[in-house]
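J.: Provided below for reference: sequence and predicted model.
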Amino acid sequence: MNFDRNTILGFVLLAVLFFGYFFYINKEKAAFNEQARIEQAKKDSINRLKVDTAAQARQARYNDSMAQVGAAGQMDSLIRGTEQLTTVETDLLRVAFTNKGGQPKYVELKGFKGPDSGFVRLGGAPGDRIDYNIITGTNASSSVSNFYFTGGQVAPGADGSQVVTFRLNTPNGPVQHQYVIRKGHYMMDFNLTVPTAAAGGQQLTLNWSDHALALQKDIDYERQMSAISYREDGDYDDENVLGSGPLTFEKPVNWVAVKQQFFNQTLLAKSNFASGTVQWTTPQGDSAARNPLIVNATASMKLVLPATGTAALGLYYGPNDYKILQQYGNDLSSMVNLGSGMFAFVKYLNRWIIIPVFDFFRGFVSNYGIVILLLTLFIRLLISPLTYSSYLSGAKMKALKPEIDKLKEKHEGDQQAVSMGQMQLFREAGVNPLGGCIPALLQIPIFFALYSFFNSAVALRGEKFLWADDLSQYDAPINFGFHIPLLGEHLSLFTITAVLTSLAISLYSMSMTPTQDNPMMKYMPYIFPVVMLFIFNKLPSALTWYYTVSNVITLLLQFVIQNYIINHDKILLQLEENRKKPKKPGLAERMQAMQEQQRKLQELQNKGKKK
């Protein structure tokens, strides 16, 4: 067979390509095999680590178990058993008691829905317990929550209550936990019987651990509204869970509570705890949005056992409702934040006016949005004298506007002369330039009272109105799907209505008063609503709905009073008559004299500079 030169060259190139291809494939295969070997080595390492970790966990559990057996002493047989639950129901509560530790495992509030649409559940998180140490033998002691109690059956009480009793036999006498649950009450009695020999003395350290889980959709806001509350030496106080602990009590403590925005869990000693400490931790950072834990709190309270060995305690699992808590006394109702800090005095407005009126309207109106509307109308009627006084002052200022404009033309560029002329004009006409501000300032406490009320009104929780699913939380019909700094991930429609109506009020008020030369005053009507947008966007929709209704009423009142009630011609005549009357020295005269002195001093300084 004859091959020409080109054919031979083609076979050579083809052979080179084949060799190159096989070389590349083998190299890739080797690299793949090496990578597979590395990945397998990683998996083997992880598996060995898992095995080691599992083995360590099993060893740790075994060590803990052996430690518990050792600590149990003569009671080692009582740390082995099966957990059994006893459920007690009333019209308000469903309480699940466990025989392990002889205590409530969790409590469900039948009148309130939780985030999962089931009943609100308080307690029941891993680590939640009431605990103390007991003597179990010679040189041995153990936590009572390690033992399985006997009993736990429900028995009727003499007053129609339900009584659950747990018993634990110790070498030094029986320990007993008795709970009394009554219809119509969120507070249950907890009668604790511990022989002093079993307690190791007359003083018992009672440890109460509570992991409070989120019950609102906005975890960060709920955390801001949550606190560690207590009553020490007869005085109520609290610490926000975002603060730092621990709290140390040197004086007698009546009760200590973990208070969330709308619910609380409280441990109460009817004869007081002698002293104690509370410490807590709160999730921070990005994990807070994914972690339903509001706060993890542990109270260690010193309880002096009476001679009988039985201490009368109480446990409250329920809403932060002012009237409900008030019936139990001991300042428990102070947990409902109706005013705090520099505005603490507004709590009396809430207690004596807002709450009674709100309860009156909701007694015959089922829709809480309408209840808020009626409450707004009542408040505006209550402050109507202040409102009228403010609008009347504005009308007087408007009547003087032409003369003020002439002063500005006459003393153009001399702001001090314009101010002095205005003061002279106000004095002659008998007009108080602050007449419109003072009534507005007097309304500020009402706003802060309602801010506190709507943030703590558990009755609004879960109530729907228009597009709002829950009046106790912000409405969020507009959700961005991403976070905007200062604003959040949503836009509240009630906030938009509140901002727009506030802007309308500001613009209308500016049109009714003399023009301002100060640029900041000119732009203030626009700045304030923008600030409101960021502040109000996460507030309860009940508050922003109230603010919207109040603004609409304000606009209507301004228009009606200014155009149909106030007689501007009569005001002008009255101002002219005031000018004819002899004037007594007053605030306006003193201010004018001060301005005159300041002007003369300025002129002297200017002359000195020229020399």
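T.: The structure has been received and is ready for your questions. Numbers count the residues shown, from 1 in each chain.
J.: after the worst-scoring helix or strand of the chain on mean pLDDT, which helix or strand is next?
T.: The helix or strand of the chain with the poorest confidence is helix 287-290; it has a mean of 48 (mean pLDDT, DSSP states H and E). The helix or strand immediately downstream of helix 287-290 is strand 293-304, counting by DSSP states H and E.
J.: so which elements touch that next one?
T.: Counting contacts by 3 or more Cβ pairs under 8 Å, 6 or more residues apart in numbering; DSSP states H and E, strand 293-304 is packed against strand 203-213, helix 219-224, strand 253-259, strand 263-273, strand 275-281. Every residue, glycine included, has its C-beta placed from N, CA and C.
J.: and that strand, how far out from the chain middle?
T.: 20 Å (Cα atoms, centre = their mean, to the nearest Å).
J.: same check on stretch 166-184?
T.: Taking Cα atoms, centre = their mean, the mean C-alpha location of stretch 166-184 is offset from the chain mean by 36 Å.
J.: okay, the helices and strands packed on strand 293-304 in CSV with distance to residue 134 next?
T.: Conversion of the helices and strands packed on strand 293-304 to CSV gives the following (distance: least, Cβ to Cβ, whole Å):
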stretch, distance to residue 134
strand 203-213, 9
helix 219-224, 36
strand 253-259, 22
strand 263-273, 18
strand 275-281, 19
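J.: most packed of those?
T.: Among the helices and strands packed on strand 293-304, the stretch with the highest mean neighbour count (mean count of other Cβ atoms under 10 Å) is strand 253-259, at a mean of 24.
J.: just the CA coordinates of that strand, formatted as PDB?
T.: Output of strand 253-259 as PDB, limited to C-alpha atoms (Å, rounded to 0.1, in the frame of the first residue of the first chain):
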ATOM      1  CA  VAL A 253     -39.000  41.100  98.000                       C
ATOM      2  CA  ASN A 254     -42.700  40.500  97.600                       C
ATOM      3  CA  TRP A 255     -42.600  39.200  94.000                       C
ATOM      4  CA  VAL A 256     -40.500  38.900  90.900                       C
ATOM      5  CA  ALA A 257     -41.800  38.600  87.400                       C
ATOM      6  CA  VAL A 258     -40.700  38.200  83.700                       C
ATOM      7  CA  LYS A 259     -43.000  40.700  82.000                       C
END
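J.: can you list the strands that it pairs with?
T.: Under the criterion DSSP bridges, strand 253-259 sits next to strand 227-232 (antiparallel), strand 263-273 (antiparallel) in its sheet.
J.: in TSV: those, plus mean pLDDT and distance to residue 509.
T.: Shown next, in TSV, are those (pLDDT from 0 to 100; distance: least, Cβ to Cβ, whole Å):
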stretch	mean pLDDT	distance to residue 509
strand 227-232	94	39
strand 263-273	95	42
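J.: and the gap between residue 541 and residue 466?
T.: Distance of residue 541 to residue 466, given as Cβ to Cβ, to the nearest Å: 9 Å.
J.: hang on, residue 198 in a helix?
T.: Yes - with DSSP: H, G, I helix; E, B strand; the rest coil as the criterion, residue 198 is part of a helix.
J.: kindly report the domain assignment for the chain.
T.: Taking automatic domain parsing as the reference, the chain has its domains at 5-76, 127-336.
J.: mind giving me CSV with those domains and columns for distance to residue 360?
T.: Formatted as CSV, the domains of the chain follow (distance: least, Cβ to Cβ, whole Å):
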stretch, distance to residue 360
domain 5-76, 57
domain 127-336, 13
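J.: where among the ones you listed is average confidence lowest?
T.: Comparing mean pLDDT across the domains of the chain, the weakest is domain 5-76, with a mean of 57.
J.: which residues touch stretch 456-464?
T.: 112-113, 225, 261-263, 319-321, 336-338, 358, 362, 368-369, 454, 470-472, 540, 542 (Cβ atoms under 8 Å, 6 or more residues apart in numbering).
J.: and those, which of them are in strands?
T.: 112, 113, 263, 319 (DSSP state E).
J.: ranges for the strands of the stretch 301-450 of the chain?
T.: 310-319 (DSSP state E, counting those that start in this stretch).
J.: and residue 128, how far is that from residue 211?
T.: Taking Cβ to Cβ, one finds residue 128 at 6 Å from residue 211.
J.: ok, and the closest non-adjacent residue to the residue minimising distance to the centre of the chain?
T.: With distances taken as Cα atoms, centre = their mean, the residue of the chain nearest its centroid is residue 225 (1.8 Å). Excluding the flanking residues, the one nearest residue 225 by Cβ to Cβ, 6 or more residues apart in numbering is residue 261, at 3.8 Å.
J.: the one you found against residue 219, yeah?
T.: No - using Cβ atoms under 8 Å, residue 261 is not in contact with residue 219; the gap is 10.5 Å.
J.: buried sites along stretch 125-138?
T.: Using 16 or more other Cβ atoms under 10 Å as the test for burial, stretch 125-138 gives 125, 128, 129, 130, 131, 132, 133, 134, 135, 136, 137.
J.: and stretch 350-368, by the same measure?
T.: So, applying 16+ other Cβ under 10 Å, buried residues of stretch 350-368: 350, 351, 354, 355, 357, 358, 361, 362, 368.
J.: enumerate every residue touching the residue lying closest to residue 466 once chain neighbours are set aside.
T.: Take residue 466 and drop its neighbours on the chain: the residue closest to it by Cβ to Cβ, 6+ apart is residue 369, 6.5 Å away. Contacts for residue 369 were tallied using Cβ under 8 Å, 6+ apart; they are 463, 465, 466, 468, 471, 545.
J.: again, but for residue 120
T.: Shown in contact with residue 120 (Cβ under 8 Å, 6+ apart): 108, 109, 112, 113, 114, 215, 263.
J.: can you rerun that using 10 Å?
T.: Contacts for residue 120 (Cβ atoms under 10 Å, 6 or more residues apart in numbering) come out as 107-114, 215, 262-263, 317-319, 461-462.
J.: then residue 129?
T.: By Cβ under 10 Å, 6+ apart, residue 129 lies in contact with 98, 100-101, 103-105, 123, 143-145, 207-210, 298.
J.: that older thread, more neighbours: which of residue 541 and residue 466?
T.: A direct count of neighbours by other Cβ atoms under 10 Å for residue 541 and residue 466 places residue 541 higher, at 31 against 12.
J.: so how far is residue 267 from that one?
T.: Applying Cβ to Cβ, the value for residue 541 to residue 267 is 34 Å.
J.: before we move on, back to that, pipe the strands paired with strand 253-259 into a markdown table and attach distance to residue 528 per row.
T.: Conversion of those to a markdown table gives the following (distance: least, Cβ to Cβ, whole Å):
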| stretch | distance to residue 528 |
| --- | --- |
| strand 227-232 | 31 |
| strand 263-273 | 35 |
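J.: can you tell me which of those strands is nearest to residue 499?
T.: strand 227-232 (30.2 Å; Cβ to Cβ).
J.: and the closest one, how far out from the chain middle?
T.: 16 Å.
J.: likewise stretch 209-223?
T.: With Cα atoms, centre = their mean, you get 9 Å for stretch 209-223.
J.: cool, stretch 126-142 as well?
T.: Stretch 126-142 sits 35 Å away from the centroid of its parent chain (Cα atoms, centre = their mean).
J.: how many neighbours does the nearest residue to residue 376 once chain neighbours are set aside have?
T.: Closest residue in space to residue 376, ignoring its immediate chain neighbours: residue 549 at 4.5 Å, by Cβ to Cβ, 6+ apart. By other Cβ under 10 Å, the residues close to residue 549 number 22.
J.: check residue 116 too.
T.: Neighbourhood size, residue 116 [other Cβ under 10 Å]: 8.
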